[in-house]
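Chemist: only the shape, not the letters, is given here:
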């Protein structure tokens with residue numbers, strides 16, 4: 001039997017079906033479609049866009065994120081004390097209120113002792129500037145040979161009569177408004193509101209105990225994820241608490257040593273400058289630089305001779321080098337040793353994003369990120385990058 005084709009040809013019918021040219025039906029393996037619940041890996045462009053969106057959100061909503069982050073850091077720092085009081089049959093809400101009250105009272109007392117002489121020193125700033133100009137001209141007489149530098153030094157701390165005489169030579173236009181005072185009042189109000197929000201949120205977190213951690217563990221899908229979340233949260237809390245406690249102890253010792261040295265040198269207000277040095281030491285890199293410059297000016301104003309004026313600066317610099325190279329590595333240990341380049345980059349980034357609070361939080365954020373990277377296998381390479 002022949003089967004006709006459209007082109008007029010014909011072929012004989014084969015007894016086997018399907019034809020021999022194709023594979024048998026039993027050898028045809030059906031291809032299953034991919035399951036719909038498989039997550040697609042994001043592309044590099046999507047990752048970059050997500051990172052930029054998060055960065056913009058952190059910058060725009062800083063008034064929301066900053067108190068939350070500060071409250072979390074304060075909670076992790078004070079939680080060991082709350083747990084100790086709770087173990088001694090003191091309720092957590094009462095323990096949180098007592099510990100926070102003690103911390104606020106201590107910080108307020110320190111700022112009170114720092115603020116009174118600081119305000120007096122600022123009030124006497126014109127006189128200090130005049131003395132500084134005279135000391136600089138006496139110590140470095142060659143400066144007066146250079147016109148631009150001589151003008152800057154001569155105008156430093158000049159009296160009102162001298163400034164009026166100089167202004168009469170060159171006509172100027174003055175615009176007076178109250179914008180500066182308004183900005184200061186607004187900034188002070190925002191600062192007080194932010195401190196209040198941070199304290200309230202920290203109290204709620206401390207009083208609630210491990211409720212937030214329990215909710216986080218309950219949200220994890222698998223048992224391994226639950227265990228990893230518990231380990232990471234416990235380790236972050238312990239590291240942050242040890243970090244702040246160690247840094248505060250180091251800075252307190254540094255400030256006490258600076259105050260003692262300045263008191264022996266008979267420098268005015270040694271306690272104020274010691275507290276100032278302790279506070280500046282919380283800022284990596286920038287704090288010691290500001291401290292060296294400030295104590296250099298204090299030494300020039302306190303002593304008549306050049307070598308005596310360098311004693312406060314040299315004392316502070318020697319203590320800082322001792323603290324940075326010996327005391328801090330011994331107390332903090334290897335677990336807090338981070339890459340100096342990464343520390344400086346983090347400091348620049350968070351300072352640019354959130355200002356001074358961001359600079360204070362750059363170190364704890366890096367410590368927390370290091371813990372997460374060490375516990376997540378996919379982020380081990382990033383953890384090696386952060387390690388010192």
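Modeler: Perfect, thanks for sending it. The structure displayed is predicted, hence computed values, not measured ones. Numbers count the residues shown, from 1 in each chain.
Chemist: low-confidence ranges, the stretch 251-388 of the chain, go.
Modeler: Along the stretch 251-388 of the chain, the model assigns pLDDT under 70 to residues 333-336, 388.
Chemist: and the next element down the chain from the host helix or strand of residue 229?
Modeler: Per DSSP states H and E, residue 229 falls inside helix 223-264. Sequence-wise, the next helix or strand downstream of helix 223-264 (DSSP H and E) is helix 270-280.
Chemist: quick check: the gap between residue 68 and residue 203.
Modeler: Between residue 68 and residue 203 the computed distance is 14 Å (Cβ to Cβ, to the nearest Å). Just so you know, the C-beta spots here come from the backbone N, C-alpha and C atoms, and that holds for glycine as well.
Chemist: my error: substitute residue 71 in the last question.
Modeler: Taking Cβ to Cβ, one finds residue 71 at 9 Å from residue 203.
Chemist: rewinding a little: counting by contacts, list what the helix holding residue 229 packs against.
Modeler: Using 3 or more Cβ pairs under 8 Å, 6 or more residues apart in numbering; DSSP states H and E, the elements in contact with helix 223-264 are helix 62-87, helix 211-219, helix 270-280, helix 311-322, helix 328-332, helix 356-375.
Chemist: quick one: that helix to helix 356-375, angle?
Modeler: 140 degrees (axes from the mean of the first three to the mean of the last three Cα atoms, to 10 degrees).
Chemist: now for the nearest residue to residue 232 once chain neighbours are set aside: which residues touch it?
Modeler: Closest residue to residue 232 apart from its sequence neighbours, by Cβ to Cβ, 6 or more residues apart in numbering: residue 375 at 5.0 Å. Applying Cβ atoms under 8 Å, 6 or more residues apart in numbering, we find residue 375 in contact with 228, 231-232, 235.
Chemist: coming back round to it: could the helices and strands packed on helix 223-264 go into a markdown table alongside distance to residue 56?
Modeler: As requested, those are exported to a markdown table (distance: least, Cβ to Cβ, whole Å):
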| stretch | distance to residue 56 |
| --- | --- |
| helix 62-87 | 11 |
| helix 211-219 | 26 |
| helix 270-280 | 31 |
| helix 311-322 | 37 |
| helix 328-332 | 34 |
| helix 356-375 | 15 |
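Chemist: out of those, nearest to residue 109?
Modeler: Closest of those to residue 109 is helix 270-280, at 10.5 Å (criterion: Cβ to Cβ).
Chemist: hmm, who's touching the closest one?
Modeler: Outside helix 270-280, the residues that reach it (Cβ under 8 Å, 6+ apart) are 110, 113-114, 117-118, 121, 251-252, 254-263, 267, 287-288, 290-291, 294-295, 298, 312, 316.
Chemist: and those residues, which are buried?
Modeler: Taking 16 or more other Cβ atoms under 10 Å as the criterion, what is buried in these is 110, 114, 117-118, 121, 251, 254-255, 257-259, 261-262, 267, 287-288, 291, 294-295, 298, 312, 316.
Chemist: still on that earlier bit, most packed of the helices and strands packed on helix 223-264?
Modeler: Stretch with highest mean neighbour count among these: helix 270-280 (a mean of 22; mean count of other Cβ atoms under 10 Å).
Chemist: what is the helix or strand following it packed up against?
Modeler: Using DSSP H and E, the helix or strand that follows helix 270-280 in sequence is helix 286-302. Here helix 286-302 touches helix 125-139, helix 270-280, helix 306-309, helix 311-322, going by 3+ Cβ pairs under 8 Å, 6+ apart.
Chemist: ok now helix 286-302, how far from the chain's centre?
Modeler: With Cα atoms, centre = their mean, to the nearest Å as the basis, helix 286-302 stands 23 Å off its chain's centre.
Chemist: now the angle from it to helix 223-264?
Modeler: Angle of helix 286-302 versus helix 223-264, following the same axes, to 10 degrees, is 10 degrees.
Chemist: which outside residues touch helix 286-302?
Modeler: Residues from elsewhere that reach helix 286-302 (Cβ under 8 Å, 6+ apart): 128, 131-132, 135-136, 139, 265-268, 273, 276-277, 279-281, 283, 308-313, 315-317, 320, 324, 347, 351, 359.
Chemist: angle of it against helix 270-280?
Modeler: 160 degrees.
Chemist: quick one: work out the angle between helix 286-302 and helix 311-322.
Modeler: Going by the same axes, to 10 degrees, helix 286-302 makes 160 degrees with helix 311-322.
Chemist: list the buried residues for stretch 295-305?
Modeler: Applying 16+ other Cβ under 10 Å to stretch 295-305 flags 295-296, 298-303 as buried.
Chemist: with distance to residue 342 added, can I get those in JSON lines?
Modeler: Below are the buried residues of stretch 295-305 laid out as JSON lines (distance: Cβ to Cβ, whole Å):
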{"residue": "295", "distance to residue 342": "29"}
{"residue": "296", "distance to residue 342": "30"}
{"residue": "298", "distance to residue 342": "34"}
{"residue": "299", "distance to residue 342": "35"}
{"residue": "300", "distance to residue 342": "37"}
{"residue": "301", "distance to residue 342": "38"}
{"residue": "302", "distance to residue 342": "39"}
{"residue": "303", "distance to residue 342": "41"}
